[in-house]
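Peer 1: how would this look folded up:
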Amino acid sequence: MIALVPLGSVDEELIDLFFKLPYFDFSVLDASPLPNSAYNSLKKKYDALKILVFLKKLANSYGFLKVLGITSEDVYYGSSLSVFGCAELNGTSAVISTCRLNGVSRCIFISRVLKEALHELGHLFGLEHCTNNCVMRFCERVEQIDAKRLGYCNDCRRKLEESIRSVTQTSLARSCIPHSKGTCCISSH
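Peer 2: Sure, this is the predicted structure:
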């Protein structure tokens with residue numbers, strides 16, 4: 001289960017769409033304001049790395065192994081001007097920004113958001129950038145997002161499924177608490 005965290009004001013319809021994504025099971029947490037410490041007043045944007053740290057702490061406090069934040073605010077990473085999203089490779093936290101994904105239609109906007117969500121979730125589960133016509137292809141411009149398909153190529157899909165199985169097994173092992181009779185009980189967080 002992945003924690004889905006709206007950061008600030010986020011379109012409720014977008015949140016509902018995440019439940020239609022294949023491979024991933026979400027639990028939506030209450031909306032949270034972006035951390036003030038992540039705001040860069042010179043750039044007038046939020047630092048994605050500071051958001052990831054915030055999300056990681058939030059995930060840990062609720063017992064989630066993975067968390068995806070979504071915001072309508074503009075975010076940057078390092079020396080970049082802006083990014084569509086950012087994730088810890090094979091880590092805990094990821095964030096996507098819808099700020100620069102608006103398109104000529106609502107349908108294009110939604111497609112871009114879902115592609116970026118799948119891209120950052122792929123990174124969370126260890127996928128690196130791909131050269132195939134795959135959602136894991138690196139994009140610097142929205143036109144590049146539009147050109148890639150909404151889905152993983154066969155190679156990335158196999159790696160993702162393997163990683164999800166591994167994370168699920170790790171999660172179950174962590175939640176097993178031995179009892180006096182040598183049995184395990186699965187605790188929900």
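Peer 1: just so I have it, where are all the helices in the chain?
Peer 2: For the chain, applying DSSP state H gives helices covering 12-17, 48-62, 106-124, 142-147, 154-175.
Peer 1: may I see the buried residues of the second one?
Peer 2: In this case it means helix 48-62. Residues of helix 48-62 classed as buried: Ala48, Leu49, Lys50, Ile51, Leu52, Val53, Phe54, Leu55, Lys56, Leu58, Ala59 (neighbour count, 16 or more other Cβ atoms under 10 Å). Backbone N, C-alpha and C define where each C-beta goes, glycine included.
Peer 1: make JSON lines out of those residues and add pLDDT and distance to Cys153.
Peer 2: Shown next, in JSON lines, are these (pLDDT from 0 to 100; distance: Cβ to Cβ, whole Å):
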{"residue": "Ala48", "pLDDT": "98", "distance to Cys153": "26"}
{"residue": "Leu49", "pLDDT": "97", "distance to Cys153": "28"}
{"residue": "Lys50", "pLDDT": "98", "distance to Cys153": "32"}
{"residue": "Ile51", "pLDDT": "98", "distance to Cys153": "28"}
{"residue": "Leu52", "pLDDT": "98", "distance to Cys153": "26"}
{"residue": "Val53", "pLDDT": "98", "distance to Cys153": "31"}
{"residue": "Phe54", "pLDDT": "98", "distance to Cys153": "32"}
{"residue": "Leu55", "pLDDT": "98", "distance to Cys153": "27"}
{"residue": "Lys56", "pLDDT": "97", "distance to Cys153": "29"}
{"residue": "Leu58", "pLDDT": "96", "distance to Cys153": "32"}
{"residue": "Ala59", "pLDDT": "96", "distance to Cys153": "28"}
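Peer 1: thinking again about what came up before, most packed of the helices of the chain?
Peer 2: helix 106-124 (a mean of 21; mean count of other Cβ atoms under 10 Å).
Peer 1: angle of that one against helix 154-175?
Peer 2: Here the directions of helix 106-124 and helix 154-175 differ by 60 degrees (axes from the mean of the first three to the mean of the last three Cα atoms, to 10 degrees).
Peer 1: closest to the centroid, which residue in the chain?
Peer 2: Leu68 (3.5 Å; Cα atoms, centre = their mean).
Peer 1: tell me the bridge partners for that one.
Peer 2: Leu4, Ala94 (DSSP bridges).
Peer 1: need the buried residues of helix 48-62 in a markdown table with distance to Glu128, can you?
Peer 2: Formatted as a markdown table, the buried residues of helix 48-62 follow (distance: Cβ to Cβ, whole Å):
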| residue | distance to Glu128 |
| --- | --- |
| Ala48 | 18 |
| Leu49 | 19 |
| Lys50 | 23 |
| Ile51 | 21 |
| Leu52 | 17 |
| Val53 | 22 |
| Phe54 | 24 |
| Leu55 | 21 |
| Lys56 | 20 |
| Leu58 | 25 |
| Ala59 | 22 |
